[in-house]
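Peer 1: predicted model and sequence below, questions to follow.
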Amino acid sequence: MGGNETSVSEFILLGFPLNPRMRTLLFGLFSLFYALTLLGNGLILALICLDSRLRTPMYFFLSHLATVDITYACNTVPQMLVNLLSPAKPISFAGCMTQTFLFLTFAHTECLLLVVMSYDRYVAICHPLRYSAIMSWRVCIALVETSWIAGILLALVHLALLLPLPFCGAQKVNHFFCEILAVLKLACADTHINEVMVLSGAVSVLVGPFSSVVVSYIHILRAILRIRSGEGRQKAFSNCSSHLSVVGLFYGTAIVMYVGPQHGHVKDQKKYLLLFHSLFNPMLNPLIYSLRNKEVKNGLTRLFLKERTS
């Protein structure tokens, strides 16, 4: 080890280079988005728990997606809001590593859950008569458990490679949270293996699963086009359009961030893209499902009518 290496106790998150007035404005705006994220996803969770008509595999998966979105936002947004009011406020080494681990866990899990949800839609549209047999509750629980366990294990691999690294110099993370690539830049050791693992992990949970989703929807589209009834085609498409919108938002931003170029000015641009990924995606997901899904809207109507009656 060289003489410049230190025992790091904290990091400083640089966030976004903004003037105080803009920081205050963004604090209010992002606080509103954060509240909408918690409210929207919390409402979907409550609706699925309270409405027996929504206790189906599709909404079981949606409840886990809402849980991931809530925890995903809670992991990064509060620290960002604190830094907007108090720039250069440090985060402890343990807190930074925990934030990195949780971010990777929730990101990996959401990738896999979206694949599971696309498979559910594939079975519902392409094999409707066998749907109950194929998507039994035992299978649904196993798929969700696999998504969570795989997400945790993949994040642990990155954490195990990150923790032994020595850090030196000014510990300023050029990001609004402890994003793994931004933290790796501060290590005073060879991080080639870490970077290869990040790229490999991105390919394994982004490119591979996204390809599976695309294949699923090709089969779904063919099945929909074979439906003779226009009303039947519209209903089948509406059942898939919400999930397809969420997939496009999530995978589109994630693939650009972690599979695209990682050097040059594009890296600073990806910080803003990750802001969209961490804050806006979790907020938009419940809006997409509630506005585009007839069953969710009917469930909300029944819930409000029940509250008014009581």
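Peer 2: Here it is on my side, so go on. Quantities reported herein were computed from a predicted structural model and do not represent experimental measurements.

Peer 1: in the protein, which spans are helices?
Peer 2: For the chain, applying DSSP state H gives helices covering 20-50, 57-85, 93-126, 131-134, 137-162, 180-184, 192-202, 208-225, 230-258, 266-275, 281-292, 294-309.

Peer 1: can I get these in TSV with mean pLDDT and distance to residue 9?
Peer 2: Where C-beta positions appear, they are placed from N, C-alpha and C, glycine not excepted. Output for the helices of the chain, formatted as TSV (pLDDT from 0 to 100; distance: least, C-beta to C-beta, whole Å):
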stretch	mean pLDDT	distance to residue 9
helix 20-50	90	26
helix 57-85	91	17
helix 93-126	91	6
helix 131-134	93	52
helix 137-162	95	16
helix 180-184	90	15
helix 192-202	89	21
helix 208-225	85	38
helix 230-258	75	29
helix 266-275	70	25
helix 281-292	76	31
helix 294-309	68	47
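
Peer 1: so can I have JSON lines of those showing distance to residue 8 and mean neighbour count?
Peer 2: Converted to JSON lines, the helices of the chain look like this (distance: least, C-beta to C-beta, whole Å; neighbours: other C-beta atoms under 10 Å):
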{"stretch": "helix 20-50", "distance to residue 8": "26", "mean neighbour count": "16"}
{"stretch": "helix 57-85", "distance to residue 8": "17", "mean neighbour count": "21"}
{"stretch": "helix 93-126", "distance to residue 8": "5", "mean neighbour count": "21"}
{"stretch": "helix 131-134", "distance to residue 8": "50", "mean neighbour count": "13"}
{"stretch": "helix 137-162", "distance to residue 8": "12", "mean neighbour count": "16"}
{"stretch": "helix 180-184", "distance to residue 8": "10", "mean neighbour count": "22"}
{"stretch": "helix 192-202", "distance to residue 8": "16", "mean neighbour count": "15"}
{"stretch": "helix 208-225", "distance to residue 8": "34", "mean neighbour count": "16"}
{"stretch": "helix 230-258", "distance to residue 8": "25", "mean neighbour count": "17"}
{"stretch": "helix 266-275", "distance to residue 8": "22", "mean neighbour count": "16"}
{"stretch": "helix 281-292", "distance to residue 8": "30", "mean neighbour count": "21"}
{"stretch": "helix 294-309", "distance to residue 8": "46", "mean neighbour count": "13"}
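
Peer 1: now these in CSV, with distance to residue 173?
Peer 2: Shown next, in CSV, are the helices of the chain (distance: least, C-beta to C-beta, whole Å):
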stretch, distance to residue 173
helix 20-50, 18
helix 57-85, 11
helix 93-126, 7
helix 131-134, 46
helix 137-162, 13
helix 180-184, 5
helix 192-202, 15
helix 208-225, 28
helix 230-258, 16
helix 266-275, 11
helix 281-292, 22
helix 294-309, 38
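
Peer 1: out of those, which is closest to residue 12?
Peer 2: Residue 12 sits nearest to helix 57-85 of all those, at 9.2 Å, using C-beta to C-beta.

Peer 1: work out the gap between that closest one and the centre of the chain.
Peer 2: Relative to its chain's centre, helix 57-85 lies at 8 Å (C-alpha atoms, centre = their mean, to the nearest Å).
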